[in-house]
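**Q** Attaching a predicted model along with its sequence, questions to come.
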Amino acid sequence: MVRIPANTLVIRADASIAIATGHVMRCLALAQAWQDTGGYVVFAMAESTPSIDARLQSEGMEFVRLQADPNSAKDATDTAALAHDRDAAWVVADGYRFDSEYQLNLKNSGLKLLFVDDMGQCTHYFADLVLNQNVHASERMYANRESSTRLLLGSGFAMLRRDFKGWSEWKREINPKGSKVLVTMGGSDPCNVTALVLEALDQVHVNDLQVIAVVGGSNPNVDVLKRFASQSPATRFVRDAANMPELMAWADIAVSAAGSTCAEMRLLGLPAILIDLAENQTQVAHELNRRRAAIHIGSSREVTAAQIADAVESLLLSKGDRMSLSQHSRELIDGIGADRVAAAIRYGDLRLRRVAENDCRQLWEWANDPEIRPVSFDTEPIPWTRHVEWFNSKLCDPDAVLYLVVDAQETPAGQVRFQINDVRAAVSISLARPFRGKGLGTRILAMATEELFRASAVRQIDAYVKPNNLQSLRLFARAGYANKGIEIMSGHPAVHFILENKTTGREPQAREINLVRLCAMDENE
């Protein structure tokens, strides 16, 4: 019998020709990220396809077939029983059929739940985490949720499969005239929109036109499409492609469904013409079109071959349009969304504790990390004796609050501190290397800021960041800090960020504060 590790993640998602394969495929990206941190994954599925089963098996992931009707009480009971049997604390549910009651049933079974959502269709959200990785995601879509429910919103959490790792720094070359078209309409495409697109491409008047049509392993129209492709020497047919990043890098443009493939194309800056195949894709297509990151030409129920042909020909012949689309699409994604989601699950219990005397060496080692010193205002290594002197002075300073960030196993994840001056506080942070790049900073900053304002008289937080510290610059911008421009700090130019407490009419509580500060300041300031 196979030994199941304790850090098991159960994923509840289905795939079929009718509901397509997108739910499982984006969860596959999360499953891979979970595996990469030493975790084990079990897919619980009431419906699947042979190609999906084969893919999960090739990835070393277990899949268990459920006998209950999807979204039924028995479905939730069986999924919970599977999770408890595998000693899994978390379940991921991804599917439009899963409703509020389904969430509540899983929560009542003692499990933690990540609910993957696209449209805010549930009447109430009981999950611990709600993930909407789309560009149109907003907090107002989830107004009816538990106070403890955390939201993971936007393309920063877009889950890309392992195949796309290593492509985030790839630079696309925009040719003067495009001629290579990638066609991809998802894993099943039951209405055979691929055939409509191929028909349209026969009407495109561009020299040396080349077409690759990617057809998912669950597509029921394979034989028809093969015959279609065989009659067109410019068209190459690829089924269940295992090299999508390479195909996207090859293409000058894509004609695509507006599903999860959009995030993959954005990472590679591939100019795309989008056709929404289902209701859940419409908002995605509209928003990408609004942001000039893609061209949305309509729904598959309405768009014609002539409209597709005109859009394709126009885009192939316009280098400026392709360049603009590529640039705007690339700005929306960084490719590590699956790692951020996995971190939100794994490190959901991060907390703060007071720094103690025996933490002195840990803070010294972090301060001298080769990745930390270059973005600090004093870039020289910090001698041990000077660090001890600084550390002891801070422990005795009532206006200096030092915290260690630890996980559920008490593993040190980083340190945060505030230096308070009347109603203002300067903030600082460093994270341990294994905890970096996982999207944890924004959450920690929000948690600490809220507590600082609640428990003290502080009304403004100041952060000073060196211009070369790109991660901290992005962090403070995402956290709602106002950029006040460049100032001189310790003889160095620094971007000054300010966050003001807008709440009025509250009396500050005792000085025992739970605070966190994120900035590039260091202990030599």
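**A** Sure, I can see it.

**Q** so is His328 in a helix, a strand, or just coil?
**A** Under the three-state scheme (DSSP: H, G, I helix; E, B strand; the rest coil), His328 adopts helix.

**Q** check contacts around it.
**A** With contact set as CB atoms under 8 Å, 6 or more residues apart in numbering, His328 has these partners: 291-293. From N, CA and C alone the C-beta is placed, and that goes for glycine too.

**Q** Which of those residues are buried? Put it as a PyMOL command.
**A** Applying 16 or more other CB atoms under 10 Å to the contacts of His328, the buried members can be selected in PyMOL as follows:
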select buried, resi 293
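
**Q** In CSV: the contacts of His328, plus secondary structure and distance to Ala13.
**A** What follows is these, written out as CSV (DSSP: H, G, I helix; E, B strand; the rest coil; distance: CB to CB, whole Å):
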residue, secondary structure, distance to Ala13
Arg291, coil, 28
Arg292, coil, 32
Ala293, coil, 27
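
**Q** Take the contacts of His328 and lay them out in a markdown table including distance to Asp359 and pLDDT.
**A** Compiled in a markdown table, these are given as follows (distance: CB to CB, whole Å; pLDDT from 0 to 100):
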| residue | distance to Asp359 | pLDDT |
| --- | --- | --- |
| Arg291 | 45 | 96 |
| Arg292 | 49 | 97 |
| Ala293 | 45 | 97 |
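
**Q** Out of the contacts of His328, which is nearest to Gly259?
**A** Ala293 (15.1 Å; CB to CB).

**Q** Verify the contact between that closest one and Ile333 for me.
**A** No: counting by CB atoms under 8 Å, Ala293 sits too far from Ile333 to count as a contact (9.5 Å).

**Q** Look up the residues that both of these two are in contact with.
**A** Counting by CB under 8 Å, 6+ apart, the residues touching both Ala293 and Ile333 are Arg266.

**Q** Neighbouring strands of the host helix or strand of Phe115 in the sheet, and parallel or not?
**A** According to DSSP states H and E, Phe115 maps onto strand 112-116. Partner strands for strand 112-116, per DSSP bridges, with pairing direction: strand 90-94 (parallel), strand 129-132 (parallel).

**Q** Can you mark which positions in stretch 406-419 are buried?
**A** By neighbour count with 16+ other CB under 10 Å, stretch 406-419 contains the buried residues 406, 412-419.

**Q** My guess is Val495 contacts Tyr481. True?
**A** No: Val495 lies out of contact with Tyr481 (CB under 8 Å); the separation is 9.8 Å.

**Q** re the thing from before, can you give me the mean pLDDT across the strand holding Phe115?
**A** For strand 112-116, the mean per-residue pLDDT is 97.

**Q** again, but for stretch 424-442
**A** Stretch 424-442 comes out at a mean pLDDT of 84.

**Q** Dump the buried residues of stretch 406-419 to JSON lines, plus pLDDT.
**A** What follows is those, written out as JSON lines (pLDDT from 0 to 100):
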{"residue": "Val406", "pLDDT": "84"}
{"residue": "Pro412", "pLDDT": "89"}
{"residue": "Ala413", "pLDDT": "86"}
{"residue": "Gly414", "pLDDT": "84"}
{"residue": "Gln415", "pLDDT": "84"}
{"residue": "Val416", "pLDDT": "83"}
{"residue": "Arg417", "pLDDT": "86"}
{"residue": "Phe418", "pLDDT": "89"}
{"residue": "Gln419", "pLDDT": "92"}
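
**Q** Just the endpoints, please. Distance across stretch 227-238?
**A** 13 Å (CA to CA, to the nearest Å).

**Q** now stretch 106-114
**A** Using CA to CA, the two ends of stretch 106-114 sit 11 Å apart.

**Q** Going by neighbour count, which residues in it are buried?
**A** Under the neighbour-count criterion of 16+ other CB under 10 Å, stretch 106-114 has 106-107, 109, 111-114 buried.

**Q** Spell out which residues sit in contact with Phe164, please.
**A** Counted by CB under 8 Å, 6+ apart, Phe164 has contacts 244-245, 264, 267-268, 335.

**Q** Recalculate using a threshold of 6 Å.
**A** 245, 267, 335 (CB atoms under 6 Å, 6 or more residues apart in numbering).

**Q** cool, and Leu9?
**A** Leu9 neighbours (CB under 6 Å, 6+ apart): 34, 39, 41, 90.

**Q** And for Val214?
**A** So Val214 contacts 184, 238, 241 (CB under 6 Å, 6+ apart).

**Q** Which residue is the nearest non-sequential neighbour of the last one?
**A** Of all residues not flanking Ala241 in the chain, Val214 sits nearest, at 4.8 Å (CB to CB, 6 or more residues apart in numbering).
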